[in-house]
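Colleague: The following block contains a protein sequence and its predicted model.
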Amino acid sequence: MDNKNTESFEINNSDASKCPFLSGKQKTVGGGGVRNRDWWPNELKLNILRQHAAKNDPLGDDFDYAEAFKSVNYSELKQDVIDLMTDSQDWWPADYGHYGGFMIRMAWHSAGTYRVGDGRGGAGTGNQRFAPINSWPDNGNLDKARLLLWPIKKKYGRKVSWADLMILAGNCALESMGFPTFGFAGGREDIWEPEQDVYWGSETEWGANEERYDANRDLEDPLAAVMMGWIYVNPEGPNGNPDPLGSAHDVRETFGRMAMNDEETVALVAGGHTFGKAHGAADPNQYVGVEPHGAPIEQMSMGWKNSYNTGVLDDVITSGIEGAWTPNPTKWDADYFEVLLNYDWELTKSPAGAHQWTPTAESNARMAPKAGDASGKQALMMTTADIALKTDPAYLEISKRFHKDHKAFEDAFARAWYKLTHRDMGPIDRYLGPEVPKEQLIWQDPIPKVNYTLSDSDISSLKKMILASELSISELVKTAWASASTYRDSDKRGGANGARVRLEPQRSWKVNNPEELNKVLNVLESIQNEFSGTISMADLIVLAGTAAVEEAARNAGHAIEVPFTQGRGDASQDQTDIEQFNYLKPVGDGFRNYQNPNLDIAAEDLLIDKANLMSLSIPEMTVIVGGMRVLGANYDGSNHGVFTDNVGCLTNDFFANLLDLSITWKAATSEDKEFIGRDRKTGAMKFSATRADLIFGSNTELRAVCEIYGANDGEERFVNDFVAAWTKVMNLDRFDLK
């Protein structure tokens, strides 16, 4: 910020000596000054449950992006994007007269931040517009790519999001250069602020990675990139060391953490590098300015100002690597594997000093055109990550096969690109537009549609059958929660639809108490068979939880009806990728008082993370925890946090007893993970708790919410709010209803 344009304010300095952060006259405006986290760095990160508030959305509460996108003349939009590819602008002219390679890189880097570990990152929100991503070194000069798209965004306005437009630009770039894409779906809604919930690493310098690897060179979970500020790997090799086999290790781990196997990885690297070029005309330390987020105000969202000669075309400095991979960088062809496998490559350095590989003189290699002069020529190049495809045995076999069978390579790249750019969109119900492929793929977690309709009397009959069974309220609630709470809003995966809780791997997860779960599922399956009509197990599991919550409310004197929306289908084991679904297994679920004992993370932090992934607000998280405790829904049947003598009754006892000053609390273990609550006068034990319980009394913001529900007049509100939050969780993945 340019302080010359900042109005000056003075504060009272009489107490400045008492505060280590104050030293005389200060300049500040609203929002400035010392924050709570400056004083208490370990403060609970409740901010991630408040991000993306509706009041910050300039489109308003009533805006329906799906309907807006459907109103677009799609063929006109697509043609506008294709026309852009060859409409070179003086302020940032196109390499070879075609922006194709540039737009592919922008789309790739938008989607490529996705990681399966927590489902965060990816292209689904248009987050490349904001820091830190818009200013990562690996995204150098992509600010210009988005600005080139602005006239199209301006024309269509809110009918097409930035998130959709960036991916569509990548597809149009490929098609305009002769590549047949697999398809495109719209439906990505923009965010309006940087994401606060995504952990990008703990390093404080770009390019650093000392914190994210262990002694075996395994990446820290859930990270996928090898270093701070990069999308995938260092193209020069591990830590800048031009070691192709070491690079292969990094490539395999990184792409694997975004759900790509070896074949998909080779297809993506080779397909993407068939187009465009890398830029390393000169030493970036000498000629390149700061990134967009740190640039002077007058640069207006543009960064990396380049003072080397013209600063454009052949004078651009981005990655530091210089040159094109193929002789025809604006054409889809088979040249990538032709030159990679048939030429010998020697280690050289770019004009910017970066490690790269150049064909040997004996290779008699073809040349690539100059970016700004079609009559000029320059040598081809490969990065260390490219050479890895030739030196790693598994990658080499795939490369040879693709070289021999170009159509197989074309199909593999088309499918891998489609997966890359759509992996975080969730089920196909969310896909919009005329180019959505009819074929459903295993990574889209397919679920068969149902063809029945339950009447009100059917639902009533089923509830009676459920409540008349041997199953307890606790067992029914835990099973419904286990089914629905796998949902991750980060990549729209998981949830109750599909009833995958009855399939592997979920059926065997420790957090789901497999023995108890199997008992409940067997009883529900018998009810399904006895029922005179038709109902899926997915609907029956949710309906069972609904019936249990209603019964618990009646037990507490509240006559309520929990909304139930039918229509869930049952997935098969063949439709379930066990490896990929294991990424949904919670390492902690504070709602069930579960935590992996091998994980050294505070239970309250895991609770907040889980609530964020389920798109819960602070009050929603609070009422669900309070309700789950009095319903006896701990994963192991323990009494931790069960602050009631009436388990199975939907009361506000959790909050009333949590806030009861007649109870004192003390740690029961040296790790401060479990606690004992005793009567202040007699010393008799009253309750036990975990950190995920006591945080609601310890944290002042959570305590303020608990006071609403723990008051004498708070129980009715608690019951109503719990039912609303419970229903939300049960329907989190019902995109067919939205």
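Modeller: Nice, I can see it.
Colleague: pLDDT below threshold where in the stretch 601-738 of the chain?
Modeller: Applying pLDDT under 70 to the stretch 601-738 of the chain flags no residue at all.
Colleague: I'd guess residue 689 is in a strand, am I close?
Modeller: Yes: counting by DSSP: H, G, I helix; E, B strand; the rest coil, residue 689 falls inside a strand.
Colleague: Relative to residue 586, how far out is residue 673?
Modeller: Distance of residue 673 to residue 586, given as C-beta to C-beta, to the nearest Å: 17 Å. Glycine gets a C-beta too; all of them are placed from N, C-alpha and C.
Colleague: Of these two, give the one with the bigger neighbour count.
Modeller: residue 586 (23 against 15; other C-beta atoms under 10 Å).
Colleague: Endpoints of stretch 33-53, how far apart?
Modeller: 24 Å (C-alpha to C-alpha, to the nearest Å).
Colleague: Return the set of buried residues in stretch 190-197.
Modeller: Buried residues in stretch 190-197, counted by 16 or more other C-beta atoms under 10 Å: 190-191, 195, 197.
Colleague: tell me what the helix or strand hosting residue 386 is packed against?
Modeller: Element membership for residue 386, per DSSP states H and E: helix 384-391. If contacts are counted by 3 or more C-beta pairs under 8 Å, 6 or more residues apart in numbering; DSSP states H and E, helix 384-391 sits against helix 244-256, helix 262-272, helix 335-342, strand 355-359, helix 393-404.
Colleague: what sits up against that helix?
Modeller: Residues from elsewhere that reach helix 384-391 (C-beta atoms under 8 Å, 6 or more residues apart in numbering): 232-233, 235-237, 242-245, 247-248, 250-251, 266, 269-270, 273, 325, 340-341, 345, 355-357, 395-396, 398-399.
Colleague: Can I have the buried ones of those as a PyMOL selection?
Modeller: Buried members of these, defined by 16+ other C-beta under 10 Å, are picked up in PyMOL with:
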select buried, resi 232+233+235+236+237+242+243+244+247+248+250+251+266+269+270+273+325+340+345+355+356+357+395+396+398+399
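Colleague: list the contacts for the spatially most central residue of the chain?
Modeller: For the chain, residue 120 is the residue whose C-alpha lies nearest the centre (C-alpha atoms, centre = their mean; 1.4 Å). The neighbours of residue 120, taking C-beta under 8 Å, 6+ apart as the test, are 114, 195, 197-199, 222, 490-491.
Colleague: Which helix runs longest in the protein?
Modeller: When the chain is parsed with DSSP state H, its longest helix is helix 537-555.
Colleague: Show the average pLDDT along that one.
Modeller: In this model, helix 537-555 has an average pLDDT of 98.
Colleague: Please compute how far that helix lies from its chain's middle.
Modeller: Centroid separation for helix 537-555 versus its chain: 31 Å, with C-alpha atoms, centre = their mean, to the nearest Å.
Colleague: Which SSE is immediately downstream of it?
Modeller: Next along the chain after helix 537-555, taking DSSP H and E as the criterion, comes helix 578-581.
Colleague: That next one: which residues count as buried?
Modeller: Here helix 578-581 shows residue 581 as buried, counting by 16+ other C-beta under 10 Å.
Colleague: Export that helix to PDB, keeping only CA atoms.
Modeller: C-alpha atoms of helix 578-581 as PDB (Å, rounded to 0.1, in the frame of the first residue of the first chain):
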ATOM      1  CA  ILE A 578     -11.600 -47.900  -2.900                       C
ATOM      2  CA  GLU A 579      -8.300 -46.100  -3.100                       C
ATOM      3  CA  GLN A 580      -9.900 -42.700  -3.800                       C
ATOM      4  CA  PHE A 581     -12.700 -43.100  -1.300                       C
END
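Colleague: How far off centre is the helix or strand that that helix is followed by?
Modeller: Once the chain leaves helix 578-581, the next helix or strand it forms, by DSSP H and E, is strand 588-589. Strand 588-589 sits 18 Å away from the centroid of its parent chain (C-alpha atoms, centre = their mean).
Colleague: Please name every helix or strand in contact with strand 588-589.
Modeller: Counting by 3+ C-beta pairs under 8 Å, 6+ apart, strand 588-589 packs on strand 594-595, helix 603-613.
Colleague: What lies in contact with the shortest one?
Modeller: Taking C-beta under 8 Å, 6+ apart as the criterion, the residues outside strand 594-595 that touch it are 511, 586-589, 603, 606, 634-636, 690, 692.
Colleague: ChimeraX command for the buried members of those residues?
Modeller: Of the contacts of strand 594-595, the buried ones go into a single ChimeraX selection, burial set by 16+ other C-beta under 10 Å:
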select :511,586,587,588,589,603,606,634,635,690,692
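Colleague: Closest to residue 650 out of the contacts of strand 594-595?
Modeller: residue 634 (16.0 Å; C-beta to C-beta).
Colleague: So the closest one sits against residue 688, correct?
Modeller: No: at 10.7 Å, residue 634 and residue 688 do not qualify as touching, with contact defined as C-beta atoms under 8 Å.
Colleague: Overlap of the contact sets of those two?
Modeller: Joint contacts of residue 634 and residue 688 (C-beta under 8 Å, 6+ apart) are 640-641.
Colleague: returning to that earlier point: and among the helices and strands packed on strand 588-589, the most buried is which?
Modeller: Here the criterion is mean neighbour count by mean count of other C-beta atoms under 10 Å, and of these the winner is strand 594-595, at a mean of 24.
Colleague: what pairs with that strand, and is each one parallel or antiparallel?
Modeller: Paired strands of strand 594-595, with direction, are strand 588-589 (antiparallel) (DSSP bridges).
Colleague: Could you give the average pLDDT over the partner strand?
Modeller: 96.
Colleague: Tell me which of the helices and strands packed on strand 588-589 sits nearest to residue 506.
Modeller: Ranking these by proximity to residue 506 (C-beta to C-beta) places strand 594-595 first, at 13.9 Å.
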